[in-house]
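[1] Structure of the sequence below:
(3 chains)
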Amino acid sequence: MDFVLDKSVTPFNLDHTLNCGQAFRWKKLGDWWYGLVGENVVKLKQADGKLVFYTYPEQKNVDFIEDYFRLDDDLRHILSRINRDTEVNKVIEKFYGLRIIRQDPWECLISYICAANANIPGIKNVVSSMARNFGKKVIFESQKFHAFPEPEALARASLAELGTCGLGYRAKYVLGTSRLISSGAVQFESLKGLDYEDARAKLLALPGVGQKVADCVLLFSLDKLEAFPVDIWVKRIVLERYPEHFDSFGLSDKGAVTSREYHAISTFGRVYFGKYAGYAQEYLFYYRRSRS
DNA sequence: ACATCCCCTTAGCC
DNA sequence: AGGCTAAGGGGAT
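    All right, here's what the predicted structure looks like:
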């Protein structure tokens, strides 16, 4: 199956999109990317202005691919809106076609709770270990794939079982949040209907969810494109490129992101880049990480 | 081999 | 109220 992309209308770069670090479950084997969207194994590659893909089990309706990769976003328009200066313009040109992915909110939430104070290879290990231990197995091309576990599956796990996934001290956060989601205390669909600030406040009430995790979940799964998550890499590049927007007082170019710094940098991002600040964040993040 | 620091941070304590 | 620190464990140097 394939999906024809008219690049003049729908710019898209699959490699940038899957390499930039926003999603943890995709792997590239040869020319093909393999991953799961829900319980569907998806195999795809980009060639000659087309997206060629297979799904297993085979799906007749593949709109979910378009939804997942946000091919409905008017990327030209979005990038023109965040293209505020020559510095960010260079980054946009370098990674042109990178799209924010519309992940499943549940998987996104748990993944980013596990991502706290971890590095990307480690996050990938933990998430795949949770899927292997608690998720539904799917065989495709003689390979084992595992769907991300349902909330109920993690909610009824023990701390010790979760601990075997390499979660460390985060196991109790995953368990607590899984129970709240499983019970229906927080519902993602209703969060989508709230504005950025209100949805954020709801997420912050979950164990293991602070400012950074909340903003990642809002950006990558709840359609809040103004969210501007700040980690060590975003802090670095923003303070390198935009120092004039900050008082030197209370901001250090080294070390972890303090709460005060988080607020200052994230607010700057939303004000300076506007309603699509999250796109700017991801381009800058990927640029700064790939640079060093 | 080994030590050390870092990592897409949060929560709890003072 | 805001700053400091402990908390798995793997990756990187």
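[2] I'd like to know how far the residue in the stretch 1-150 of chain A that DNA strand C sits nearest to sits from A:F24.
    Nearest to DNA strand C in the stretch 1-150 of chain A, going by Cβ to the nearest atom of the strand, is A:P121, at a distance of 3.6 Å. No exception for glycine: its C-beta is placed from N, CA and C like everyone else's. Separation of A:P121 from A:F24 (Cβ to Cβ, to the nearest Å): 10 Å.
[3] More neighbours: which of the two?
    More crowded of A:P121 and A:F24, by other Cβ atoms under 10 Å: A:F24, with 22 against 8.
[4] separation between that one and A:H245?
    Relative to A:H245, and taking Cβ to Cβ, A:F24 is found at 31 Å.
[5] follow-up on the earlier one: could you report the pLDDT at the residue of the stretch 1-150 of chain A closest to DNA strand C?
    A:P121 is assigned a pLDDT of 96 by the prediction.
[6] Now do the helix or strand containing it: distance to the chain's middle.
    A:P121 belongs to helix A:120-134 when assigned by DSSP states H and E. In terms of Cα atoms, centre = their mean, to the nearest Å, the centre of helix A:120-134 is found 15 Å from the chain centre.
[7] Over to stretch A:88-100?
    Its chain's C-alpha centre and that of stretch A:88-100 lie 17 Å apart, by Cα atoms, centre = their mean.
[8] tell me which residues in it are buried?
    Under the neighbour-count criterion of 16 or more other Cβ atoms under 10 Å, stretch A:88-100 has A:V88, A:V91, A:I92, A:F95, A:G97, A:L98, A:R99, A:I100 buried.
[9] can you count the residues close to the residue in chain A positioned nearest to DNA strand B?
    Nearest to DNA strand B, among the residues of chain A, is A:G210, at 2.2 Å (Cβ to the nearest atom of the strand). Other residues within reach of A:G210, judged by other Cβ under 10 Å, total 14.
[10] List the residues that contact it.
    With contact set as Cβ atoms under 8 Å, 6 or more residues apart in numbering, A:G210 has these partners: A:A116, A:L204.
[11] Next one: the residue of the stretch 1-150 of chain A closest to DNA strand C from A:A153, what distance?
    A:P121 is 25 Å from A:A153, by Cβ to Cβ.
[12] Quick check: A:L44 is in a strand.
    Yes: the assignment for A:L44 by DSSP: H, G, I helix; E, B strand; the rest coil puts it in a strand.
[13] give me every residue that touches it.
    Residues near A:L44 by Cβ under 8 Å, 6+ apart: A:L14, A:W32, A:W33, A:L51, A:V52, A:F53, A:Y54, A:I65.
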